[in-house]
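**Student:** Pasting the sequence and the predicted model now:
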Amino acid sequence: MNQPTDVPEADPVLQAAVREIEQHAAEAGWDQPARLYALVPTSDLLVREPALAAAMGLDGASAGSLTPVEQDDVPVDQPLESTLQQIMWPAEVFGAAAVVERLVLPPTADVQLPADPDEAERYAAEHPDRQEVRIVAGATRDGSTYCALRMRSHDDALSVLEAPDLVPALLELLRSTLEN
């Protein structure tokens, strides 16, 4: 079966990394702070950091994959989007991924959305049709992107939405952190 030509093809290596991060986030539960990951080629990690690779249970069989390395220094006092605007990854990092929880509203709610950010946040939190979602977005230096989105109201692995381009603005921010 052929895919429509306007749908980007998924990179299976990035897709696997995003799925791994999504599963990890699901195990941690809801109401978690934003998380940021460096995506490092597992083969590079095996060579450069053999003790770390051994501690993580990595071996030569996983050499064609990306290993997510969670970053511990993500500020919690500002939105992740602001943090991403200040980050530039070193060359050893092949990709980046982020996990964020957000409230989303139906398109019809945009008409009444206040311009003031604090009022808009309050409006979203109180809107009867709001949905809480957890987004895992990943991007690589070669331009591949992938997202997984889980709705709190449908919190099971079979209901996770996945596509290369689900959250374009977040993907663009991740891509910008990888530019030289």
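**Tutor:** Here it is on my side, so go on.

**Student:** in the chain, which helix or strand is least confident?
**Tutor:** For the chain, the helix or strand with the lowest mean confidence is helix 50-55, at a mean of 76 (criterion: mean pLDDT, DSSP states H and E).

**Student:** CA atoms of that helix as PDB?
**Tutor:** Output of helix 50-55 as PDB, limited to C-alpha atoms (Å, rounded to 0.1, in the frame of the first residue of the first chain):
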ATOM      1  CA  PRO A  50      31.900   1.800  27.500                       C
ATOM      2  CA  ALA A  51      31.200   1.800  31.300                       C
ATOM      3  CA  LEU A  52      28.000   3.900  30.800                       C
ATOM      4  CA  ALA A  53      26.900   1.600  27.900                       C
ATOM      5  CA  ALA A  54      27.400  -1.400  30.100                       C
ATOM      6  CA  ALA A  55      25.500   0.200  33.000                       C
END
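
**Student:** And it, how far out from the chain middle?
**Tutor:** Taking the mean C-alpha point of helix 50-55 and that of its whole chain, the gap between them comes to 25 Å (C-alpha atoms, centre = their mean, to the nearest Å).

**Student:** Pull out the buried positions in it.
**Tutor:** Ala53 (16 or more other C-beta atoms under 10 Å). Where you see a C-beta, it was placed from the backbone N, CA and C, and this is true even at glycine.

**Student:** again, but for stretch 162-179
**Tutor:** If you call a residue buried by 16+ other C-beta under 10 Å, then stretch 162-179 has these buried ones: Glu162, Pro164, Leu166, Val167, Leu170, Leu171, Leu173, Leu174, Arg175, Thr177, Leu178.
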